[in-house]
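S.K.: What follows is a protein structure lacking sequence information:
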(Lines give C-alpha, C1' and ligand atoms only; values in the text may rest on other atoms or scores of the structure.)
Protein backbone atom coordinates (compact mmCIF):
# COMPACT_ATOMS: atom_id res chain seq x y z
CA UNK A 1 0.00 0.00 0.00
CA UNK A 2 2.66 2.51 0.23
CA UNK A 3 6.34 2.92 0.26
CA UNK A 4 8.71 4.31 2.78
CA UNK A 5 8.20 7.69 4.29
CA UNK A 6 9.58 10.40 1.94
CA UNK A 7 11.50 12.06 4.76
CA UNK A 8 13.54 8.87 5.32
CA UNK A 9 16.10 9.21 2.56
CA UNK A 10 19.44 7.51 2.11
CA UNK A 11 21.20 10.78 1.33
CA UNK A 12 20.85 11.91 4.92
CA UNK A 13 22.51 8.76 6.27
CA UNK A 14 25.40 8.66 3.82
CA UNK A 15 27.91 10.66 5.87
CA UNK A 16 29.18 9.99 9.35
CA UNK A 17 28.76 12.60 12.05
CA UNK A 18 32.43 13.57 11.94
CA UNK A 19 32.51 14.35 8.22
CA UNK A 20 29.20 16.19 8.40
CA UNK A 21 30.50 18.47 11.15
CA UNK A 22 34.02 18.96 9.79
CA UNK A 23 33.19 22.09 7.78
CA UNK A 24 31.93 23.80 10.93
CA UNK A 25 35.29 23.39 12.65
CA UNK A 26 37.31 24.32 9.56
CA UNK A 27 35.38 27.57 9.19
CA UNK A 28 35.90 28.40 12.85
CA UNK A 29 39.65 27.73 12.53
CA UNK A 30 39.95 29.98 9.47
CA UNK A 31 38.11 32.83 11.17
CA UNK A 32 40.27 32.51 14.29
CA UNK A 33 43.55 32.55 12.39
CA UNK A 34 42.33 35.34 10.11
CA UNK A 35 41.71 37.64 13.03
CA UNK A 36 45.43 37.63 13.83
CA UNK A 37 46.62 37.70 10.22
CA UNK A 38 48.20 40.71 8.56
CA UNK A 39 47.19 41.00 4.92
CA UNK A 40 49.56 42.57 2.41
CA UNK A 41 50.10 42.64 -1.33
CA UNK A 42 51.57 39.57 -3.02
CA UNK A 43 55.05 40.99 -3.55
CA UNK A 44 55.39 42.38 -0.04
CA UNK A 45 54.05 39.17 1.47
CA UNK A 46 56.56 37.07 -0.49
CA UNK A 47 59.40 39.37 0.58
CA UNK A 48 58.37 39.17 4.25
CA UNK A 49 57.97 35.38 3.98
CA UNK A 50 61.51 34.98 2.60
CA UNK A 51 62.88 37.27 5.31
CA UNK A 52 61.00 35.37 8.01
CA UNK A 53 62.47 32.09 6.77
CA UNK A 54 65.98 33.58 6.88
CA UNK A 55 65.42 34.95 10.38
CA UNK A 56 63.91 31.66 11.49
CA UNK A 57 67.05 29.82 10.45
CA UNK A 58 69.27 32.46 12.07
CA UNK A 59 67.68 32.63 15.53
CA UNK A 60 65.38 30.10 17.18
CA UNK A 61 62.19 31.06 18.97
CA UNK A 62 62.29 31.34 22.76
CA UNK A 63 61.78 28.03 24.57
CA UNK A 64 58.35 27.46 26.08
CA UNK A 65 57.65 24.20 27.89
CA UNK A 66 53.88 24.56 27.54
CA UNK A 67 53.90 24.54 23.73
CA UNK A 68 54.43 21.52 21.45
CA UNK A 69 58.06 21.09 20.44
CA UNK A 70 59.10 23.62 23.11
CA UNK A 71 57.66 26.36 20.85
CA UNK A 72 60.39 25.97 18.22
CA UNK A 73 58.31 24.88 15.21
CA UNK A 74 55.72 27.57 14.41
CA UNK A 75 53.51 28.24 11.38
CA UNK A 76 52.91 31.96 10.96
CA UNK A 77 49.96 31.58 8.59
CA UNK A 78 47.96 29.14 10.72
CA UNK A 79 49.14 30.35 14.14
CA UNK A 80 50.06 26.80 15.20
CA UNK A 81 52.99 25.12 16.92
CA UNK A 82 54.25 21.67 15.93
CA UNK A 83 56.10 18.92 17.77
CA UNK A 84 58.93 18.58 15.24
CA UNK A 85 60.28 20.01 12.01
CA UNK A 86 59.06 16.98 10.03
CA UNK A 87 55.50 17.49 11.22
CA UNK A 88 55.68 21.20 10.38
CA UNK A 89 57.03 20.47 6.90
CA UNK A 90 54.22 17.97 6.37
CA UNK A 91 51.76 20.69 7.44
CA UNK A 92 53.29 23.11 4.89
CA UNK A 93 52.32 20.63 2.16
CA UNK A 94 48.71 20.35 3.35
CA UNK A 95 45.73 21.86 1.57
CA UNK A 96 44.64 23.68 4.70
CA UNK A 97 47.96 25.55 5.01
CA UNK A 98 48.06 26.43 1.32
CA UNK A 99 44.53 27.86 1.53
CA UNK A 100 45.47 29.98 4.52
CA UNK A 101 48.67 31.26 2.85
CA UNK A 102 46.70 32.16 -0.28
CA UNK A 103 44.07 33.94 1.82
CA UNK A 104 46.72 35.97 3.63
CA UNK A 105 48.46 36.96 0.41
CA UNK A 106 45.19 38.30 -1.04
CA UNK A 107 43.51 41.65 -0.47
CA UNK A 108 42.82 42.93 3.02
CA UNK A 109 39.49 41.91 4.52
CA UNK A 110 36.58 44.34 4.72
CA UNK A 111 36.55 46.58 7.80
CA UNK A 112 33.96 48.86 9.40
CA UNK A 113 36.03 51.97 8.55
CA UNK A 114 35.96 51.03 4.85
CA UNK A 115 32.18 50.62 4.97
CA UNK A 116 31.65 54.00 6.62
CA UNK A 117 33.91 55.79 4.13
CA UNK A 118 32.14 54.11 1.19
CA UNK A 119 28.75 55.20 2.54
CA UNK A 120 29.94 58.80 2.94
CA UNK A 121 29.87 58.65 6.72
CA UNK A 122 33.56 59.37 7.20
CA UNK A 123 35.18 62.48 8.58
CA UNK A 124 33.68 65.63 7.00
CA UNK A 125 35.93 67.52 4.62
CA UNK A 126 35.42 71.20 5.44
CA UNK A 127 38.44 72.45 3.53
CA UNK A 128 41.60 74.00 4.95
CA UNK A 129 41.51 75.65 8.36
CA UNK A 130 41.23 79.40 8.29
CA UNK A 131 43.01 81.70 10.67
CA UNK A 132 41.11 82.21 13.90
CA UNK A 133 41.68 85.03 16.35
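M.R.: It's in. Bear in mind that the values here come from a model prediction, so they are computed numbers and not experimental data. Numbers count the residues shown, from 1 in each chain.
S.K.: Show me the strands in this structure, by range?
M.R.: Assigned by DSSP state E, the strands in the chain fall at 73-75, 80-82.
S.K.: Of the ones you listed, which is nearest residue 108?
M.R.: strand 73-75 (20.8 Å; Cβ to Cβ). The C-beta positions use only the backbone N, C-alpha and C, and glycine is treated the same way.
S.K.: Pairing partners for the closest one, with directions?
M.R.: Strands that pair with strand 73-75, judged by DSSP bridges, come out as strand 80-82 (antiparallel).
S.K.: Okay, now the unreliable bits of the chain?
M.R.: Scanning the chain with the threshold set as pLDDT under 70 gives 1-59, 124, 133.
S.K.: ok, which stretches of this protein are helices?
M.R.: Taking DSSP state H, the helices of the chain run over residues 17-36, 42-58, 85-92, 95-105, 112-118.
S.K.: Next, the buried residues of the last one.
M.R.: What that stands for is helix 112-118. Going by neighbour count (16 or more other Cβ atoms under 10 Å), nothing in helix 112-118 comes out as buried.
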